[in-house]
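K.L.:
quick one, fold the following:
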Amino acid sequence: MPDVFAVCRLDKDAPVPSWALGGYFFCVSRTPDELSVVCEQGRIPEGVEREDGWRCFKVESPFDFDLASVVSSMATRLAEEGTKMFVVATWDSDYLMVKQDDLETTIATLEEVGHRVKR
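P.N.:
Residues are numbered from 1 along each chain as shown. Got it, this is the predicted structure:
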């Protein structure tokens, strides 16, 4: 995906902010401990606890839930390279997020092991 994203941590009781719900890709998760938001970095107001500089790869799918994850194999190889990453999973697709500084190395590593990366 072309944009740079951020991961935000809000208080577990915070309402879902309106800035989190815009753009073409966002993810909001609430747990007993926190409210997490992944969205385009430029949408987030100052003062919000966040980790900036994430790039996103959409892993073409859908996959049967019984199949081993393609993302798991990708993540294993990237972890061997020391790449920081996290995954957002939905019913139809998985999204692999890596730091902006690791983008070109990630692309090279994925292509090296046989994955096709659309630019």
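K.L.:
next SSE downstream of the helix or strand of the chain with the lowest mean pLDDT?
P.N.:
None of the helices or strands of the chain scores lower by mean pLDDT, DSSP states H and E than helix 70-80, at a mean of 85. Tracing the chain past helix 70-80, the next element assigned as helix or strand by DSSP states H and E is strand 85-89.
K.L.:
what does that following strand contact?
P.N.:
Under the criterion CB atoms under 8 Å, 6 or more residues apart in numbering, residues 7, 27, 38, 54, 56, 71, 75, 78-79, 94-99, 102 lie in contact with strand 85-89. Bear in mind the C-beta positions are built from the backbone N, C-alpha and C, glycine included.
K.L.:
buried subset of those, written for ChimeraX?
P.N.:
In ChimeraX syntax, the buried subset of the contacts of strand 85-89 is picked out as below (16 or more other CB atoms under 10 Å):
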select :7,27,38,54,56,71,75,78,94,95,96,97,98,99,102
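K.L.:
out of the contacts of strand 85-89, who's nearest V113?
P.N.:
The closest of those to V113 turns out to be L78 (CB to CB; 9.6 Å).
K.L.:
K84 versus the closest one, what's the distance?
P.N.:
Applying CB to CB, to the nearest Å, the value for L78 to K84 is 9 Å.
K.L.:
one more: I107?
P.N.:
Taking CB to CB as the measure, I107 falls 15 Å from K84.
K.L.:
likewise for M97?
P.N.:
Counting by CB to CB, the gap from M97 to K84 is 9 Å.
K.L.:
phi and psi next, for the residue positioned nearest the centre of the chain.
P.N.:
In the chain, the residue lying closest to the centroid (CA atoms, centre = their mean) is M97, at 3.4 Å. The phi/psi pair for M97 (degrees, to the nearest 10) reads phi -110, psi 130.
K.L.:
tell me the bridge partners for it.
P.N.:
Beta-bridge partners recorded for M97 (DSSP bridges): C56, F86.
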